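how does the following fold in three dimensions:
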Amino acid sequence: MTEYKWVVLTVTTVGAFMAALDSSVLIVGLPTVLHELNATLVHGVWIMTGYRLATTILLVAIGRVADMLGRVRLYNLGFAIFTVASALCGLSQTGDQLVFFRLIQGIGAALLIVNSVTLIADVFPSKELGTGIGINFMAFNLGSIVGYTISGLMVDLVGWRYIFFLNVPVGVFGTMWAHLRLKEMHRGVSEKFDFFGAVLYSSALTLILIALSLENLGSPLVITLLVAGLLILPVFVIVEKKVSHPTLDLDLFKIRPFSAGNLASFLSSVAFSSLPFVLTLYLQLVRGEDAVVTGLRFIPMEAAVFLLCPLSGRFSDRYGARGLSTLGLLFNIGALVWFSTLDMSTSYVAVILGLIVAGVDRALFISPNASSIMGQVSPSKRGVGNGIRTTVVQTAVVISLPLSLTFMTLGMPYDALSQIAAGNVSPSSEEILTFLSALRYPLRLSAIMVALALVPSLLRGRKMTVEQQEAPELLETT
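Got it, this is the predicted structure:
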């Protein structure tokens, strides 16, 4: 078992890296993609959001199926779907085609994301769980951040299509490797799948996320979708309380570290996910940098995550998650406040230092927070528990980009923002200053969200003993 746990970690780390990479890999190169496909900014939002949306709405249902049927076979299937969809994305000829194939790619990513951490939790003992998750999360967050660098280099050197073609050989290798090396450690539970609950949950989440992904949050369509999604949620809760084997085990939210960790994660993830998008607009459209240089600017943040994520996971095993996670949130606030002061003459040294602080934030927060959440879930419910955890994070990621655009409209009309972002006009100096002012709104409002995340992070409770982790009924009073 000692050797096998490292096999599981290496296999799932590759999958986590690839799934995360493709969630961010088009941000820096998005203006080029839109130009070559003659696509609109709405296409651009959905090229990014569609992948995340497809991933998000399926996470809990996939987690439930994994608990019932086993995690390994679903993980292998995810690698295969992800690989085929990547090839189709690279062959896309229109914006509509790319949006559709990104949705399929997101389904494969959901199968990878849900089962990677669950497989790790199945083989790592509780005293080492933070270390295992820390290494996996290092790969996941490194993939998210490296996407910005790879995007710029690939677009400049060989074209944006090879961003997706690069996934194919890696995906083929990963599929074969997972099939040959992984073995099922979790015996599936013989329970009836809650199809009605799964449909209600996915429908509600889809309507809400689509509404929040549209550019005009005040339009009748957005309000209708949002209200419809919110009305389905209480119906879903009533159904889940009556069925014997629910899709979403609501009792998990009675565990304080589980609920607090997920709330802190949501607020922090919305803020952090908007940062690279805003900085990309700043570097390319305000400072005039090309995609390659913009991508390279994110390397300091990548390095901080790479170096500190495994260490923070190990420290959380020893000292608990509350202190490290809260410290990470404080770093996050500092980085956001600092970036909200950027202007035309800000030195690149200051930008780099801010990116390092942002990387330290993610490294200190994500691994301890995830370990705190997953350490409270019994083995039979780890699929659903991790599905909830990843749904929270991915929901935050999905809404971060359209929410950032909405916040920018507080400083500049949407039509003007769209024209500048798509490169359709050469803005005047006055328009650039107005655009820069608009970029400050999402940064400042994100800092407020992270400040709110400090409350649940501090209230999550102390580090649990092994006895408490093995007896979930003891956790509700902790």
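
most centrally placed residue in this structure?
To find the centre residue of the chain, average its C-alpha atoms and take the closest one (C-alpha atoms, centre = their mean): that gives residue 394, at 4.3 Å.

leaving out the residues flanking it, which one is nearest to that one?
residue 56 (3.9 Å; C-beta to C-beta, 6 or more residues apart in numbering). From N, CA and C alone the C-beta is placed, and that goes for glycine too.

pLDDT at the one you found, what is it?
For residue 56, the model assigns a pLDDT of 77.

ditto for residue 356
The model reports residue 356 with a pLDDT of 90.

next one: the one 4 residues further on
The per-residue pLDDT reported for residue 360 equals 88.

surely it and residue 308 touch.
Yes: in this structure, residue 360 is within contact of residue 308 by C-beta atoms under 8 Å, at 6.3 Å.

give me every residue that touches the residue nearest to residue 394.
Applying C-beta atoms under 8 Å, 6 or more residues apart in numbering, one finds that residue 56 lies in contact with 110, 205, 209, 391, 394-395, 397-398.

can you tell me which of these is closest to residue 297?
Proximity to residue 297 was ranked across the contacts of residue 56 by C-beta to C-beta; first place goes to residue 397, at 20.8 Å.

quick one: which of the contacts of residue 56 is nearest to residue 181?
Proximity of those to residue 181 was ranked by C-beta to C-beta; the top entry is residue 110 with 21.7 Å.

next helix or strand past whichever strand or helix holds the closest one?
In this assignment (DSSP states H and E), residue 110 forms part of helix 95-123. Scanning the chain past helix 95-123 towards its C-terminal end, the next helix or strand to appear is helix 129-157 (assignment: DSSP H and E).

burial check on residue 333, number of neighbours?
The number of residues packed around residue 333, counting by other C-beta atoms under 10 Å, is 21.

hmm, residue 120 is touching residue 9, no?
Yes: with contact taken as C-beta under 8 Å, residue 120 and residue 9 are classed as touching, separated by 6.1 Å.

what do those two both touch?
Common neighbours of residue 120 and residue 9, counting by C-beta under 8 Å, 6+ apart, are 132, 136.

what distance do you get for the residue nearest to residue 394 to residue 282?
To residue 282, residue 56 is 27 Å away according to C-beta to C-beta, to the nearest Å.

for residue 133, give me its contacts.
With contacts taken as C-beta under 8 Å, 6+ apart, residue 133 has the following neighbours: 117, 120-121, 124, 313, 367, 370-371, 374.

now do stretch 261-270, average pLDDT.
88.

now stretch 319-334
Taken as a whole, stretch 319-334 carries a mean pLDDT of 85.

chain center to that stretch: distance?
What separates the centre of stretch 319-334 from the centre of its chain is 19 Å, taken as C-alpha atoms, centre = their mean, to the nearest Å.

and that stretch, what's buried?
By neighbour count on 16 or more other C-beta atoms under 10 Å, the buried set for stretch 319-334 is 320-334.

who's in contact with that stretch?
Counting contacts by C-beta under 8 Å, 6+ apart, the residues outside stretch 319-334 that touch it are 130, 257, 261, 264, 268, 271-272, 312, 315-316, 357-358, 360-366, 368-369, 371-372, 447, 450-451, 453-454, 457-458, 460-463.

how's this protein carved up into domains?
2-181+247-477, 194-246 (automatic domain parsing).

what's the distance between the residue nearest to the centre of the chain and residue 51?
Shown here: residue 394 relative to residue 51, a distance of 10 Å by C-beta to C-beta.

repeat for residue 444
Counting by C-beta to C-beta - residue 444 and residue 51 are separated by 28 Å.

so what's the residue lying closest to residue 165 once chain neighbours are set aside up against?
By the measure of C-beta to C-beta, 6+ apart, the closest residue to residue 165 outside its immediate chain neighbours is residue 90, 4.6 Å from it. Residue 90 makes contact with 161-165 under the criterion C-beta under 8 Å, 6+ apart.

which parts of this protein are strands?
Remark: no strands are assigned in the chain by DSSP state E.

pLDDT-wise, which helix or strand of it ranks last?
Counting by mean pLDDT, DSSP states H and E, the chain has its least confident helix or strand at helix 466-470, which shows a mean of 42.

can you pull the buried residues of stretch 331-350?
Within stretch 331-350, the residues that qualify as buried by neighbour count (16+ other C-beta under 10 Å) are 331-340, 342, 346.

any idea how far that stretch is from the chain center?
Using C-alpha atoms, centre = their mean, the distance between the centre of stretch 331-350 and that of its chain works out at 23 Å.

now that stretch - C-alpha only, CSV.
Written as CSV, here are the backbone C-alpha positions of stretch 331-350 (Å, rounded to 0.1, in the frame of the first residue of the first chain):
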residue,chain,number,x,y,z
PHE,A,331,-2.0,37.5,1.4
ASN,A,332,-4.8,37.3,-1.1
ILE,A,333,-6.3,40.6,0.2
GLY,A,334,-2.9,42.3,0.1
ALA,A,335,-2.3,41.2,-3.5
LEU,A,336,-5.8,42.4,-4.7
VAL,A,337,-5.5,45.7,-3.0
TRP,A,338,-2.0,46.3,-4.4
PHE,A,339,-3.1,45.4,-8.0
SER,A,340,-6.0,47.8,-7.7
THR,A,341,-3.5,50.6,-7.5
LEU,A,342,-1.8,49.8,-10.8
ASP,A,343,-1.4,52.6,-13.3
MET,A,344,0.4,53.3,-16.6
SER,A,345,3.7,53.8,-14.9
THR,A,346,3.7,51.0,-12.4
SER,A,347,7.1,49.2,-12.5
TYR,A,348,7.2,45.5,-13.6
VAL,A,349,9.1,44.7,-10.4
ALA,A,350,6.0,45.8,-8.5
